[in-house]
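J.: can't give you the sequence, but here's the structure:
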């Protein structure tokens, strides 16, 4: 029923332009608001909803309160484009087609489904244009989804309809594993996933697999007794090679790693760029500063004092980026493959590049002493670090020097070598002077400053782990990072000013629910986080500064990190919370990120810099492209993380029963995740192995505490553990806790509350421990 106001009822807001034909004094019911959001996922922001129901003035304040209540109640959640029903399918999502209904309509379900209950069914609407291949059963597709008509759902029909945007490569329900021949001559499949069981393979289903091969198998129906069986579908390669571990992740995450013949042919046929449509910057001593083992160099830098008397103490900073758009044109085989990959993937033992080597390591790599096309930005900063203006240029450059971070830093620190000595005063010192000025601007902007050191795995020639190191964070790293950030900002500003479509790099503020969860946690440590609709990174930095050097510094840094949203790509700008920037786009790495290539094309088109600009057809597809490349980025991160886990697990497999210093990296009802700081590896301690008490999960305090003693374990605690079991190819390790539980801050205050929650969850059907 609609809510009655002034004796009248509110009408249905669903019309062709989604606007409600209502009078000013009507207010929609909660059900009407929820129905509108479900039916208009593209127009579900607060302003859109207010416009649809013709709400003005105080009614908009009322709407804001209603929407906040619905979020607090867990009915709505905030997403990139606005609000959505919790558990509802995203408007653009990946689906697996599994069947047809009685009328022959294709049926699909979401590839990933995290909400409670069975995944919703989607009926696939086929395009009438006739262009491109039609999807079929077994296909994985990218689709736009729409809530189905209520009548259809009431009759038992699918909850959603979908329109296919893209068909991915075909895949089956196969799983990966390692083919093993046991001493008795029987065959087994060793799992490569943590929750995957061992499988038996009968001889007639061996399909030519040899001991140690990475294989794709189809599991059979599990029998009542013994291990389940499977048959080998494909042999993917031998794991006796040096780069075997990353190959598991490549196949497990469907990462394209072999370039098709037409892509290679196209890359080999490309001719080097000429001076046409370019300024000649070959005499400008731009330098590249990269990791010592870098094979491609896509950015170069230069700086000089600003000679303008109106800008005393200011500097001019120049960033030149490889002009990939000169070689990779929209719609070509090279472009299609680059979009399919989305980004390069960096494993400890290999790189899976976005572009073929002819492009990435040759024509586009800013090699020392060689002519290379580039898109450059010249930025002028005041002495306070404020950017005053900038200009973009399409140029031909010649790198004056190829430097490593440590090499450039050593020169500044007074130890130049034969390469850095001649350019120390003319190139390097002016760069560091400019960085000092840019740092003033950064300090004033106050981006989020988390102290979470990154680890690097150093491999032996055979591909196994030699050691794990924490590389020193040098000013040389920070200099390049800040130059790149400012260039990215300049690109976004220019494209906005020219009203050119682009893909932003966006990072939303933490959700209200995550803010409240963090606030409750900090209270257990005697810390406070102010409430406010406009949370700023400086507020988090204030908390981090208060715990600097304290025993709980690592804990607070970890929890603040987990409270943050995930950055992604979008044609709609919401700013970048972590960097505290209003507008931000990726411009500086087009060799390894497709998002940057889009921005390059946008700049070329907007500024009239010659061929290779963004086309109208490409601009119309940016929303779909943003979804794709956000997904490929997450895919790469997961694959890289899995590979590190497998390498470290294999490295430690010979050290079962050894003791290690560890830090609790996750707390769930099921147990504790622990990380070995020396290696950056994670393992698990089941709650059932924690002796001496019955342990209760306190979500607010991120802890498990004993029901009788009140003592327990908390996120980021330093503990001693024993390695009990290792599954190297699954990257899984199980540990035993050796450290006694400790009194927990705030445990007395939260004891009864947490105990009550725990008892309630035990009586709730289907309740399970939370997983990271």
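T.: Structure's in. What do you need? Remember, it's a predicted structure, so these values are computed and weren't measured experimentally.
J.: quick one: contacts of stretch 599-619?
T.: Outside of stretch 599-619, the residues within contact range by C-beta atoms under 8 Å, 6 or more residues apart in numbering are 276-278, 321, 323-326, 329-331, 375, 392, 394, 491-492, 494-495, 498, 500-503, 585-587, 590, 598, 625. All C-beta atoms are positioned from the backbone trio N, CA, C, and that covers glycine.
J.: Now the buried members of these.
T.: The neighbour-count criterion (16 or more other C-beta atoms under 10 Å) marks 278, 321, 323-326, 329-330, 375, 392, 394, 491-492, 494-495, 500-503, 585-587, 590, 598, 625 among the contacts of stretch 599-619 as buried.
J.: Which of those residues fall within strands?
T.: In strands, defined here by DSSP state E, the members of the buried ones among the contacts of stretch 599-619 are 321, 375, 392, 394.
J.: Now do the same contact list for the last one.
T.: Read it as residue 394. 277, 278, 279, 323, 373, 374, 375, 376, 604, 609, 610.
J.: All the strands of the stretch 401-550 of the chain, in order from the start?
T.: Remark: strands of the stretch 401-550 of the chain, listed N- to C-terminal, are 401-404, 456-459, 465-469, 504-506; assignment by DSSP state E, counting those that start in this stretch.
J.: Can you tell me which of those is packed in deepest?
T.: The highest average neighbour count among the strands of the stretch 401-550 of the chain, using mean count of other C-beta atoms under 10 Å, belongs to strand 504-506 at a mean of 24.
J.: now that strand: how far from the chain's centre is it?
T.: 12 Å (C-alpha atoms, centre = their mean, to the nearest Å).
J.: so what secondary structure elements neighbour that strand?
T.: Under the contact criterion of 3 or more C-beta pairs under 8 Å, 6 or more residues apart in numbering; DSSP states H and E, the helices and strands touching strand 504-506 comprise strand 568-570.
J.: Listing partners with orientation, what would you give for the strand it packs on?
T.: Paired neighbours of strand 568-570 in the sheet (DSSP bridges): strand 504-506 (antiparallel).
J.: what does the strand it pairs with rub up against?
T.: If you take C-beta under 8 Å, 6+ apart as the criterion, strand 504-506 is touched by 80, 488, 492, 567-576, 583-586, 595.
J.: Which ones among those residues lie within helices?
T.: Taking DSSP state H, the ones among those that sit in helices are 488, 492, 595.
J.: Would you agree the last one is in contact with residue 632?
T.: No. Under the criterion of C-beta atoms under 8 Å, residue 595 lies out of contact with residue 632, with a separation of 10.0 Å.
J.: Low-confidence stretches in the stretch 101-250 of the chain?
T.: With pLDDT under 70 as the threshold, the stretch 101-250 of the chain has low-confidence stretches at 102, 113-118, 126-133, 137-138, 150-156, 169-173, 221-224, 240-242.
J.: wait, what's in contact with the residue most central in space within the chain?
T.: Most central residue of the chain, judged by C-alpha distance to the mean C-alpha position with C-alpha atoms, centre = their mean, is residue 634 at 4.1 Å. Residues touching residue 634, when contacts are defined by C-beta under 8 Å, 6+ apart, comprise residue 566.
J.: Pull out the buried positions in the one helix or strand it maps to.
T.: With elements delineated by DSSP states H and E, residue 634 resides in helix 622-652, which encompasses its position. Buried residues in helix 622-652, counting neighbours by 16+ other C-beta under 10 Å, are found at 622-623, 625-633, 635-636, 639-640, 642-652.
J.: on that earlier part again, determine which of the strands of the stretch 401-550 of the chain approaches residue 108 most closely.
T.: Within those, the stretch nearest residue 108 is strand 504-506; the backing value is 28.3 Å (C-beta to C-beta).
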